[in-house]
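In: just the structure for this:
(6 chains)
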There are 4 protein chains.
Amino acid sequence: MIGCAIETLATEGYAQASLAHIAQRAEVSKSSINYYFSSKEELLKQVVIEVYNGAAAYIGPRISAQSGASERLRAYIEAHVEYISQHLTEMMALAEIGLNARTADGKPPLASLTGEPALDPLIRLLRVGQEAGEFRDFDARVVAITIRRAIDGTSRLLIGNPDLDVGHYTRELVTLFDFATLKGTTHDHLHLSRK
Amino acid sequence: MIGCAIETLATEGYAQASLAHIAQRAEVSKSSINYYFSSKEELLKQVVIEVYNGAAAYIGPRISAQSGASERLRAYIEAHVEYISQHLTEMMALAEIGLNARTADGKPPLASLTGEPALDPLIRLLRVGQEAGEFRDFDARVVAITIRRAIDGTSRLLIGNPDLDVGHYTRELVTLFDFATLKGTTHDHLHLSRK
Amino acid sequence: MIGCAIETLATEGYAQASLAHIAQRAEVSKSSINYYFSSKEELLKQVVIEVYNGAAAYIGPRISAQSGASERLRAYIEAHVEYISQHLTEMMALAEIGLNARTADGKPPLASLTGEPALDPLIRLLRVGQEAGEFRDFDARVVAITIRRAIDGTSRLLIGNPDLDVGHYTRELVTLFDFATLKGTTHDHLHLSRK
Amino acid sequence: MIGCAIETLATEGYAQASLAHIAQRAEVSKSSINYYFSSKEELLKQVVIEVYNGAAAYIGPRISAQSGASERLRAYIEAHVEYISQHLTEMMALAEIGLNARTADGKPPLASLTGEPALDPLIRLLRVGQEAGEFRDFDARVVAITIRRAIDGTSRLLIGNPDLDVGHYTRELVTLFDFATLKGTTHDHLHLSRK
DNA sequence: TATGAATGAGCATTCATTCAT
DNA sequence: CATGAATGAATGCTCATTCAT
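Out: Predicted structure coming up:
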C-alpha cells in the first residue's frame, strides 16, 4: 500500500496522489487506507520513513566502509547518486512530499529531510576532513548544502534524461567536489584574494 | 493581483494557492481573477513571466559587464544569489510553480525554467572558458547543473535561515566553483586518476 | 445583435448561448447587449418576436391566397415547411428558446408559440373545412396539434438530413394530411367503428 | 435518486436540473450523487436507460400481440399514448434530456431516442403493411416521422391540458393515421394528382 | 452610446474523512 | 479486518448583472 502510494506520487504528482487514486492502484478500498493509516498525513509520513530508511540502509555502510575524509565524501556522493538512479520512483515520491507537504502552520515540515538535520552528518564529515588537513578552509555548511543540492537534483535530472550515463555523471560530480574541497596550492591565491 | 498570487504561492505553497486564497489576499473576488486571467494556468504563467523577466533584467547585464569566462561565472553566481536574496518571495513562488505545475499529460512542463533550456547560456559560458584555457576539462553540462542547483537552493536556504550572511554565502559559493572549474596543476592527478 | 443571438442559439445550443458567447460572435462587448436589452430574457423575447414575425409575414399571405379549406391546409403545410427549410438557423434558435426558457414559476412560458394560441388559426381553418363539407368529421384540435407537430419537427429533420428532398417531403406530408382530413367514403367504416 | 432526477428534470427543466437541485429533492448531499454516478452525464444516461426500458417493456408486447400491420400500427399509437399519459413525468424528463444534451462537439447525441434509429421499427412496420397491400403507397419514413412527432407531442399536450380525455385523443389519432395510411379508393385521385 | 471592471451566485467535480456494518 | 455509503468543504470556472465612466 505504501508502495502504491510511492508509485502514485512519483508518476501522478502530489496533487493527483489522492487516497482514491492510491487505493485504485493498490486495488483496495479507500477506507482500507484510512484503516491502516489514521490520516493521509500519516500515510505520507510512513512513505517518507520507508524510503528514507531504505536509502540510509544502503548508503550508510557504503560511507562507513571508507576511512579518509575525501574517500568518505566520494563514497557519499557515489552512494547517493547510485541509490537514487536505482530508486528513481521512490525518490520522486519523496521529492513530491518534501516539496508540498506543509504543517498546519504552513511551513515545510519535511525540511528535515533535505534540510538542516539531514545535513549534519555531511557537515561533520567535511569538518573532519578539514581538521585532518585533507580539505581546504571553506565554510562546511555552504559546501554541504551545495553537495546535497547536487545530489537531490539527480532524480529530476534522470527523469528528464532517462538514458543519462550515471557513471559518467557520478565521476564528474565527484571530481567537481574533489577540486572544490581538496587542499591544493595552485588555487590558493584565488581563495585568499576573495577572503 | 499577480503580486498577491506570488505572495500566496510563496507563503502558503502551491497546494494552498487556490484562486479563493489569492483573491482573499488581494481583497478582490474570485471572479475578478478569472476576469483578468482566463484560467488559473494563465495566472501562473503570468507569474512566471513576471518573475522571470524581472530576474533576467537584473542578472543579464551583470554578467555581460564581465569579459573573462571566470569573471562571468562569478558574476553569474553573485548576481543570481544577490537577486534571489532580495526577491525571496518571488523566487519561492517560482519554485512552487516550477516544481508542481503539470501539463495535461502529467509531467513537469516548466522544467524549461530550471531545466535544460535555461541551462544553455551557462553551459555555453563554461565551454567558452574551457576553450579559452581558463577552465579545466570537465563536462560542462554536469557542472552547469550543479551550479544551477546550488543557486536554486538559495531561496530555500534563506527561508530557513533568514539572518544568513548572504555576502559570505555568495563568496563561499564563488570560491567553491572557482576551485571546481579553474585550471590548476595541483589537483590534476585526481582528475586523471578518475578518468 | 439579435442575428448573432440566433446563430449562437442554433449552433451552440441554449446552454452555451451565454451573453459572453453572443457578444463574442457579434463582436461587441457583453455590456452592450445589456445596454440594448434590459436582460437576457428580454433579448430572447426579441429573438422570438423577430423570428416569429418573419415567419408570419411569409406564411400568412401564402395561406390567404388560397380560398378552399383543403387548399388552405395544403398552403399552410407547404408554406411552413418551405419557410423552415429556408430559415433553419432561426427555427433552431426558436426551438432552443421554446424548449428551455421558463418563467420564474417554472413552466414553459413560450408554449404560446407552438402551443395553444398559435394553434387557433389552424383549428379554425379545419373547422371551416368541416362546415364546408370538405373535411371529414374529426376533432379539429387533435388534427391541428398533429399537423403542427409534423411541421415543427421539420427543422430537426433537416438538421439531421441536410440533403433531404424538401419538395418530396412536403408533398408526402400534404398527401398524408389530405388523406387524413378529406372526406371520403371508403374508410368511413373504420372511423365509425372506432367511435 | 434517479427518480428524483426525473422529477427535477420534468418539473424544473433541463437548465435547472443541477446536481444541487436534484440532491435537494432527493434529500441527500450533492456528493452522494457523485458517489453513485461518476458524472452528471452518467446520471442522465441512467435516467434515459431507465425510462426507455420501462417504456419498451410496456409497449413492445402490446405491439407484438397484434398480427396485421394496421392493427400493429394502431397498437403502436395506442400503447405509446397510453404509456405516456401514465408516465408523464418520466416522459418530460426524457424530452428535456433528449432535446438539450449535447456531446462535446455540440450536436444532439440522443437523437437516437426520438431520432433515426428509434424510428426503424416503425418504418419496417409500415413497409410490411405496404407489401401486404394494407397500406397505400407512401414514403414510409415521412409517415413514420410524422407519427413519432404526434406521439412525442403527447406529453407536452398533457402537461398543458391535464384533464384531456386521453381515450378520445388516442382514438382520434388512430383514426387520423388510419385514414392517412390505409389503402382506399376514394382519395386515390388526390394522391395520384400530386405525384 | 458603449464598454471595462467587478462581483455574487451557481455549476460539476474532487477530496479526506466518518460511520455502520 | 475491510469496505460501501455518505458527506462537508473546497476547487476552478461560467454566468447574468451592475456600475462608473
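
In: can you classify A:Leu164 as helix, strand or coil?
Out: At A:Leu164, secondary structure determined by DSSP: H, G, I helix; E, B strand; the rest coil is coil.

In: give me the pLDDT for it.
Out: The confidence metric pLDDT takes the value 90 at A:Leu164.

In: show me what contacts it?
Out: The contact partners of A:Leu164, by Cβ atoms under 8 Å, 6 or more residues apart in numbering or on different chains, come to A:157-158. For glycine as for every other residue, the C-beta is placed from the backbone atoms N, C-alpha and C.

In: distance of it from A:Thr154?
Out: Distance of A:Leu164 to A:Thr154, given as Cβ to Cβ, to the nearest Å: 9 Å.

In: next: A:Ile2.
Out: 23 Å.

In: these two: who's more crowded?
Out: Neighbour count, other Cβ atoms under 10 Å in any protein chain shown: between A:Ile2 and A:Thr154, A:Thr154 has more, with 25 against 19.

In: that one and A:Ala79 touch, don't they?
Out: No - using Cβ atoms under 8 Å, A:Thr154 makes no contact with A:Ala79, being 11.8 Å away.

In: list the buried residues in stretch A:23-36.
Out: A:23, A:25-26, A:33 (16 or more other Cβ atoms under 10 Å in any protein chain shown).

In: where do the helices sit along chain A?
Out: In chain A, helices defined by DSSP state H lie at A:2-12, A:19-26, A:30-36, A:40-64, A:69-86, A:88-100, A:111-114, A:116-131, A:140-160, A:166-181, A:188-194, listed in chain order.

In: re the thing from before, how about TSV for the buried residues of stretch A:23-36, with pLDDT added?
Out: Conversion of the buried residues of stretch A:23-36 to TSV gives the following (pLDDT from 0 to 100):
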residue	pLDDT
A:Ala23	94
A:Arg25	92
A:Ala26	92
A:Ile33	94
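
In: contacts only, for A:Ser32.
Out: Listed by Cβ under 8 Å, 6+ apart, the contact partners of A:Ser32 are A:1, A:23.

In: mind checking how far it is from chain D?
Out: Counting by Cβ to the nearest Cβ, to the nearest Å, the gap between A:Ser32 and chain D amounts to 17 Å.

In: next: A:Leu125.
Out: Computed with Cβ to the nearest Cβ, the distance linking A:Leu125 and chain D is 53 Å.

In: now do A:Lys40
Out: If you measure A:Lys40 against chain D using Cβ to the nearest Cβ, the figure is 18 Å.

In: ok, the closest residue in space to that residue that isn't next to it in sequence - contacts?
Out: Here the nearest residue to A:Lys40 in space, its sequence neighbours aside, is A:Leu19; by Cβ to Cβ, 6 or more residues apart in numbering or on different chains that works out to 6.0 Å. When contacts are counted by Cβ under 8 Å, 6+ apart, A:Leu19 is found next to A:30, A:33-34, A:40, A:43.

In: A:His80 too?
Out: With Cβ under 8 Å, 6+ apart, A:His80 has these contacts: A:59, A:151, A:154.

In: verify the contact between the first one and A:Val81 for me.
Out: No - taking contact to mean Cβ under 8 Å, the distance of 10.2 Å between A:Ile59 and A:Val81 leaves them out of contact.

In: higher neighbour count, these two?
Out: Neighbours per residue (other Cβ under 10 Å) separate A:Ile59 from A:Val81, with A:Val81 holding more: 23 against 18.

In: state the distance from A:Tyr58 to chain D.
Out: Using Cβ to the nearest Cβ, one obtains 43 Å as the distance from A:Tyr58 to chain D.

In: okay, that residue: pLDDT?
Out: The pLDDT attached to A:Tyr58 in the predicted structure is 93.

In: ok, the residue nearest to it when sequence neighbours are not counted - how many residues close by?
Out: Among residues not flanking A:Tyr58 along the chain, A:Tyr83 sits closest, at 5.1 Å (Cβ to Cβ, 6+ apart). Applying other Cβ under 10 Å, we find 20 other residues in the vicinity of A:Tyr83.

In: residue contacts, A:Tyr83?
Out: Under the criterion of Cβ under 8 Å, 6+ apart, the contact list for A:Tyr83 reads A:55, A:58-59.

In: quick check: it vs B:Gly68, distance?
Out: Between A:Tyr83 and B:Gly68 the distance, using Cβ to Cβ, works out to 39 Å.

In: that'll do, ta.
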